[in-house]
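Trainee: sequence first, then the predicted structure, then my questions.
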Number of protein chains: 4
Amino acid sequence: MRADARRNRERIVGAALGLFAEHGSGVSMEEIAQAAGLGVGTLYRHFPDRRALVEDLAVSTLTALRDRLRSTRDRPPWDALADLVGYCAGQPLALVTSLTGAAPASESRTRLVGEVDVLLHDLVEQAQKQRVLRGDLSPEQIAGLLNVAICRPGARADDPLTTVLLDGLRTHRPGA
Amino acid sequence: MRADARRNRERIVGAALGLFAEHGSGVSMEEIAQAAGLGVGTLYRHFPDRRALVEDLAVSTLTALRDRLRSTRDRPPWDALADLVGYCAGQPLALVTSLTGAAPASESRTRLVGEVDVLLHDLVEQAQKQRVLRGDLSPEQIAGLLNVAICRPGARADDPLTTVLLDGLRTHRPGA
Amino acid sequence: MRADARRNRERIVGAALGLFAEHGSGVSMEEIAQAAGLGVGTLYRHFPDRRALVEDLAVSTLTALRDRLRSTRDRPPWDALADLVGYCAGQPLALVTSLTGAAPASESRTRLVGEVDVLLHDLVEQAQKQRVLRGDLSPEQIAGLLNVAICRPGARADDPLTTVLLDGLRTHRPGA
Amino acid sequence: MRADARRNRERIVGAALGLFAEHGSGVSMEEIAQAAGLGVGTLYRHFPDRRALVEDLAVSTLTALRDRLRSTRDRPPWDALADLVGYCAGQPLALVTSLTGAAPASESRTRLVGEVDVLLHDLVEQAQKQRVLRGDLSPEQIAGLLNVAICRPGARADDPLTTVLLDGLRTHRPGA
DNA sequence: AATGAATGAGCCTTCATTCAT
DNA sequence: AATGAATGAAGGCTCATTCAT
């Protein structure tokens, strides 16, 4: 039954992602369980409380983001940046931040946020050194800006914001 | 007594704006009333229910936005666009959209949204005709994009997103 | 409406006392509210949560007990002791201790318990000095014993335990 | 396998006794199973539901009490009474009564209660005939009183209540 | 008209019990 | 036969809304 349990856990996560993305953070535990085809009790067996579920979604999302950042570390910085922006826009769980709100982060989440910060910071620094990323914004500002893009609910990969953001971030030669 | 009533109504709206901006959409009616220095009963005398209050905030915000758009109709399109982006980023109530969510809009709101759409559409068309706004995006895409920027909670006028968005929207000459 | 609110509060306390005494500590908030002829919301307006209600019952009971002890301070110690035992057996709320269980006590409750302890201690000491109370038990033991009698649910003033307890506590002359 | 089953059953009963004594009647079936080193399923194989488990504890306790009473039937009544009081105070499961509450008793329990009642009644009658037990209380009152002492949770053999009760029950010669 | 107490539907969570493995 | 995952009824609590004063 280990296999069943794992499938159920995944169904719950999937249902939660979908419902949160579609209807916002107000979705009830009952609705999530129902969407996963399970009873509430099962949901609570997998996640001790609502916060634990949200934390789990946040941690999964941040882990995937960190891994994506790591996987492009050796590519030209602009390519890595473009990949990142596209990747984020494609995430249905851009809303993680909006879900967790001001709640205290778990240790895992805190660590992941730190790792992502470092990776982003390095990426930005390299891109600016190579003059492909505009230099009048601090790494922190750009990171925050990317974060905004990441957290925007309903973002899609083919979103015009992707293009506009990238064009806005790219170094503008004099006269352009 | 009319004056008193008006003052109370304004206090409520102000309190609601402030609390929603600071603590998100989860603020309770009781909290809003208290922040306005009134009892809940008085709040309900002015707004039949929560949706009515939120609608009112939305309508006020949209009205101000429409008026801003109207007021820059005769200026060069790029200036008008820059003004618009800056204005929206400066609005503490960018969150109106997040408050109303998927709820059906009132007649007033529907009308206002339509008016804003037309004004935006015209502005975009003019800017593209003058080649100051990139032309590979449809007016609708740009409107949506602006809407995203408009609705982002916590936006401020000095936000780097403002600059980046504007640079991203501006026409890019060949070689830039 | 202050008067109504007070009456309601009293109704709640009365209903809670009755139900706890009759059906034990498992009674639900809904049942208490219903027995008081009120909705749950009203119960929660008066007591922020279950623990607060139980604490209130405990504090009332302890206050009454302390006042009773104070009121007999100037009477002969054996009379005071007999009054105390009879009083406790007559209390429907002997169950306070069983309700509060191991939960952390409020400041008021802690203070009251301390006051009652001191009063009991003095009473016992005087009674032993006058040789009307058996001396082979420490004041603490006797206090604990009285506490047991106090906390026994369902005790009544005409309970045989009252007589037996008093006779057991009284000094036994040699040969008796 | 019969041996295994018996051991498991005993483990469950032991765990339940310990947990109920230590943490009160609120202990969950899961906790009991875990303390017994078993899964809930196994617990439910031995006891169809919670009430059955509690009933079993009650029946065991009452059986032991009845056997104790039987075993002292031929000793002097006061000795038998003293033994009884001491025995009850030493029982960690004095709480059986608090566990069963007002729930309807099983046939076994009803029968046992009857047997204990008869034994107690006889004992009291003999002791009163011999003038070692105060005669101003009916057998029923004394039985009830003992029951109170029996059912008090947390009682210990060296409890001062034991001494006081016994002294209170003993016949008081004139002048004592 | 203003107030805030009362109401109750609905959410989160627990736990006795059932059932698939 | 043992296990522990799944279930769902029930309890504590919140908050939008109504209503008596």
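Mentor: Now that the structure is in, tell me what you want to look at. Residues are numbered from 1 along each chain as shown, chains lettered A, B, ... in the order given.
Trainee: which is the next helix or strand following the lowest-mean-pLDDT helix or strand in chain A?
Mentor: In chain A, no helix or strand scores lower on mean pLDDT, DSSP states H and E than helix A:96-100, which sits at a mean of 69. Counting by DSSP states H and E, the element after helix A:96-100 in chain order, helix or strand, is helix A:107-129.
Trainee: list the helices and strands whatever helix or strand A:Asp4 lives in packs on?
Mentor: Here A:Asp4 sits within helix A:2-23, counting by DSSP H and E. Contact partners of helix A:2-23 among helices and strands, from 3 or more C-beta pairs under 8 Å, 6 or more residues apart in numbering or on different chains; DSSP states H and E: helix A:29-35, helix A:40-46, helix A:50-71. C-beta here means a position set from N, CA and C on the backbone, and glycine is covered the same way.
Trainee: who in chain A is up against DNA strand E?
Mentor: For chain A, the residues in contact with DNA strand E (C-beta under 7 Å from any atom of the strand) are A:Met1, A:Asp4, A:Ser28, A:Met29, A:Glu30, A:Val40, A:Gly41, A:Tyr44, A:Pro48, A:Asp49, A:Arg50, A:Arg51.
Trainee: please pick the buried ones from those residues.
Mentor: Buried members of those, scored by 16 or more other C-beta atoms under 10 Å in any protein chain shown, are A:Met29, A:Arg50.
Trainee: of all the residues of chain A next to DNA strand E, which comes closest to B:Gln141?
Mentor: B:Gln141 lies nearest to A:Ser28 out of the residues of chain A next to DNA strand E, by C-beta to C-beta, at 34.6 Å.
Trainee: on the pLDDT front, check that closest one for me.
Mentor: The score at A:Ser28 is 96. That number is its pLDDT.
Trainee: briefly note if the helix holding A:Asp4 comes near DNA strand F.
Mentor: Yes: if you take C-beta under 7 Å from any atom of the strand as the test, helix A:2-23 does meet DNA strand F, through A:Asp4, A:Ala5, A:Asn8.
Trainee: where does chain A get nearest to chain D, residue-wise?
Mentor: Using C-beta to the nearest C-beta, the single residue of chain A nearest to chain D is A:Arg45, 11.2 Å away.
Trainee: which residues does that residue contact?
Mentor: With contacts taken as C-beta atoms under 8 Å, 6 or more residues apart in numbering or on different chains, A:Arg45 has no neighbouring residues.
Trainee: 10 Å - rerun?
Mentor: When contacts are counted by C-beta atoms under 10 Å, 6 or more residues apart in numbering or on different chains, A:Arg45 touches A:Ala5, A:Asn8, A:Arg9, A:Ile12, A:Leu38, A:Gly39.
Trainee: for chain C, see how far away the fourth one is.
Mentor: Here the criterion is C-beta to the nearest C-beta, to the nearest Å. By it, A:Ile12 lies 30 Å from chain C.
Trainee: list the contacts of that residue.
Mentor: A:29, A:32-33, A:35-38, A:42-43, A:45-47, A:53, A:56.
Trainee: same check, this time on the first one
Mentor: When contacts are counted by C-beta under 10 Å, 6+ apart, A:Ala5 is found next to A:Thr42, A:Arg45, A:His46.
Trainee: where does pLDDT dip in chain A?
Mentor: Where chain A drops to pLDDT under 70, the residues are A:1, A:90, A:92-98, A:147-158, A:172-176.
Trainee: residue in it nearest to DNA strand F?
Mentor: A:Gly41 (2.0 Å; C-beta to the nearest atom of the strand).
Trainee: that residue reaches A:Asn8, doesn't it?
Mentor: No: the pair A:Gly41 / A:Asn8 is not scored as a contact, 11.4 Å apart, by C-beta atoms under 10 Å.
Trainee: so is stretch A:100-111 next to chain B?
Mentor: Yes: using C-beta under 10 Å from any C-beta of the partner chain, stretch A:100-111 reaches chain B at A:Gly101, A:Ala102.
Trainee: tell me which residues in that stretch are buried?
Mentor: Buried residues in stretch A:100-111, counted by 16+ other C-beta under 10 Å: A:Thr100, A:Ala105, A:Ser106, A:Arg109.
Trainee: where does the third one fall, phi/psi-wise?
Mentor: Here is the backbone geometry of A:Ser106 (degrees, to the nearest 10): phi -70, psi 170.
Trainee: A:Leu112 contacts A:Arg70, correct?
Mentor: No: with contact defined as C-beta under 10 Å, A:Leu112 does not reach A:Arg70; the gap is 12.0 Å.
Trainee: tell me which of the two has more neighbours.
Mentor: Between A:Leu112 and A:Arg70, A:Leu112 has the larger neighbour count (other C-beta atoms under 10 Å in any protein chain shown), namely 20 against 12.
Trainee: show me the contacts for that one.
Mentor: Counted by C-beta under 10 Å, 6+ apart, A:Leu112 has contacts A:Ala58, A:Val59, A:Ser60, A:Thr61, A:Leu62, A:Thr63, A:Leu65, A:Arg66, A:Ala105, A:Ser106.
Trainee: C:Arg134: which of the residues of helix A:2-23 next to DNA strand F is nearest?
Mentor: Using C-beta to C-beta, A:Ala5 comes nearest to C:Arg134 of the residues of helix A:2-23 next to DNA strand F, at 63.6 Å.
Trainee: starting at the chain centroid, how far to stretch A:78-93?
Mentor: Centroid separation for stretch A:78-93 versus its chain: 10 Å, with C-alpha atoms, centre = their mean, to the nearest Å.
Trainee: buried residues of that stretch, list them for me.
Mentor: For stretch A:78-93, burial by neighbour count (16+ other C-beta under 10 Å) applies to A:Trp78, A:Ala80, A:Leu81, A:Ala82, A:Leu84, A:Val85, A:Tyr87, A:Cys88, A:Ala89, A:Gln91, A:Pro92, A:Leu93.
Trainee: these in strands, which ones?
Mentor: Nothing among those maps onto strands, per DSSP state E.
Trainee: quick check: the gap between the closest residue to A:Leu133 other than its chain neighbours and D:Arg50.
Mentor: Leaving aside its chain neighbours, A:Leu133 sits nearest to A:Ala127 (3.6 Å; criterion: C-beta to C-beta, 6 or more residues apart in numbering or on different chains). From A:Ala127 across to D:Arg50, the span is 65 Å (C-beta to C-beta, to the nearest Å).
Trainee: what does A:Leu123 give?
Mentor: 59 Å.
Trainee: also A:Val40?
Mentor: 21 Å.
Trainee: and what of A:Phe20?
Mentor: Where D:Arg50 is concerned, A:Phe20 sits at a distance of 38 Å (C-beta to C-beta).
Trainee: swap in A:Gln130?
Mentor: Taking C-beta to C-beta, one finds A:Gln130 at 70 Å from D:Arg50.
Trainee: can you check A:Arg2 too?
Mentor: Here the criterion is C-beta to C-beta. By it, A:Arg2 lies 29 Å from D:Arg50.
Trainee: could you save the helices and strands packed on helix A:2-23 as a markdown table and add columns showing distance to D:Ser138?
Mentor: Output for the helices and strands packed on helix A:2-23, formatted as a markdown table (distance: least, C-beta to C-beta, whole Å):
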| stretch | distance to D:Ser138 |
| --- | --- |
| helix A:29-35 | 57 |
| helix A:40-46 | 52 |
| helix A:50-71 | 59 |
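Trainee: domain boundaries for chain A, per the record?
Mentor: A:1-47, A:55-176 (automatic domain parsing).
Trainee: let's have those in CSV, adding distance to D:Pro160.
Mentor: Listed next are these as CSV, based on distance: least, C-beta to C-beta, whole Å:
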stretch, distance to D:Pro160
domain A:1-47, 47
domain A:55-176, 49
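Trainee: about what we covered before: tell me how far the helix holding A:Asp4 lies from the chain's centre.
Mentor: 17 Å.
Trainee: doesn't A:Leu99 make contact with A:Glu55?
Mentor: Yes: with contact defined as C-beta under 10 Å, A:Glu55 counts as touching A:Leu99 (9.4 Å).
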